[in-house]
Every structure is written in structure tokens, then in C-alpha cells.
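Undergrad: Need a 3D model of the following:
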Amino acid sequence: MRIRSILNHSAQALIEGALIAAIVVGVIAGTALAGKPGGTNSTSAFRVDDGPFAGVTVAHRGSSGAVWVHAKCFQGGTLVFEQWRKYIADGTTELSLGPTPLWQSGSANCTAEEGSYGRNNRWRASGSTTFNVSG
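TA: Down below sits the predicted model:
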């Protein structure tokens, strides 16, 4: 009886240890992938300056292969603005910041990706960032 109890306890301890190891690996992997393009911020130097509502802001190329900027702005989780702009020769482009039919005033939280169109005309993001619009 005593041996059976020890084996049961040992098996439970091994299962708990394996579960903890799996959780640790998942957390490490999630942290490692968080900074890759397509996430909130990328490892490229791509950035978009904060700007005022109804004004303009500047996107600065981070990846030499990037041709386009795709920006979206949200108010309370609702998409109120979306724009595609092509970089000019100096590696910048201007984004207008409203108004739109859904965005008549106020601040917004925005995301942007830079990238290009590859094979089969598919969008390939090479960097991403966030920026803010003040109301």
C-alpha cells in the first residue's frame, strides 16, 4: 500500500512539473514573438509621428523594401479612419488625420503598417507601429 501511494504521488508531481514547464515555454515563446512585424510594434525603425485631429502627420520608412503605409484609427474600438499612402523618394509620406464621416472630432488611437505587395499581389508588412491623434 505504501509503495502504491509513493508511486501515485511521484506520478502527480511529474505531471505538475511538466505542466509548469509547458507554461514557462509558452510565456517565453509569446514574449519572443511579441515584437515581430504584425504585432503592436516592430523591430524596424518604422514610425509615425503623433498628430492633431484634422491635421497631418508623417510616416518614416523603417525598411528599405517598404513602399506603402497602411494606417487605421479607432475611437472606442470603432474604425473611423483608414488610409493607404505611398512613400516618396525621401522615405516619408504624409497621412491626413480626419475628418471622415465617422470621425468628426476628438482623439483616436491608431495603428500603421509599412510594407509592399509581393507575389500574387499579397500585402507583406515589414513593420508596424502605433501612434495617437489628439482631439
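
Undergrad: Domain-wise, how is the chain divided?
TA: 1-33, 47-134 (automatic domain parsing).

Undergrad: what's the least confident stretch among those domains?
TA: Out of the domains of the chain, domain 1-33 stands lowest, with a mean of 48 (criterion: mean pLDDT).

Undergrad: Phi, psi for residue 119 please.
TA: Per-residue torsions, residue 119: phi -50, psi 140 (degrees, to the nearest 10).

Undergrad: That one: neighbour count?
TA: 6 (other C-beta atoms under 10 Å). Glycine gets a C-beta too; all of them are placed from N, C-alpha and C.

Undergrad: Equivalent analysis for the one 10 residues further on, please.
TA: Under the neighbour criterion other C-beta under 10 Å, residue 129 is assigned a count of 23.

Undergrad: Repeat that for residue 67.
TA: Applying other C-beta under 10 Å, we find 13 other residues in the vicinity of residue 67.

Undergrad: From residue 72, how far out is the residue nearest to it when sequence neighbours are not counted?
TA: Among residues not flanking residue 67 along the chain, residue 116 sits closest, at 4.3 Å (C-beta to C-beta, 6 or more residues apart in numbering). When distance is defined by C-beta to C-beta, to the nearest Å, residue 116 is 18 Å away from residue 72.

Undergrad: Make sure I have this right: the residue nearest to residue 67 is in a strand.
TA: Yes: according to DSSP: H, G, I helix; E, B strand; the rest coil, residue 116 belongs to a strand.

Undergrad: I'd guessed it sits against residue 126; true?
TA: Yes: using C-beta atoms under 8 Å, residue 116 is in contact with residue 126, at 7.3 Å.

Undergrad: returning to what we had before: what's the residue nearest to residue 67 in contact with, if anything?
TA: 65-68, 124, 126 (C-beta atoms under 8 Å, 6 or more residues apart in numbering).

Undergrad: mind redoing it with 7 Å?
TA: 65-68, 124 (C-beta atoms under 7 Å, 6 or more residues apart in numbering).

Undergrad: on that earlier part again, give me the common contacts of residue 116 and residue 126.
TA: The contact sets of residue 116 and residue 126 overlap at 65-66 (C-beta under 7 Å, 6+ apart).

Undergrad: rewinding a little: now the contacts of residue 116: which count as buried?
TA: By neighbour count, with 16 or more other C-beta atoms under 10 Å, those hold 66, 68 as buried.
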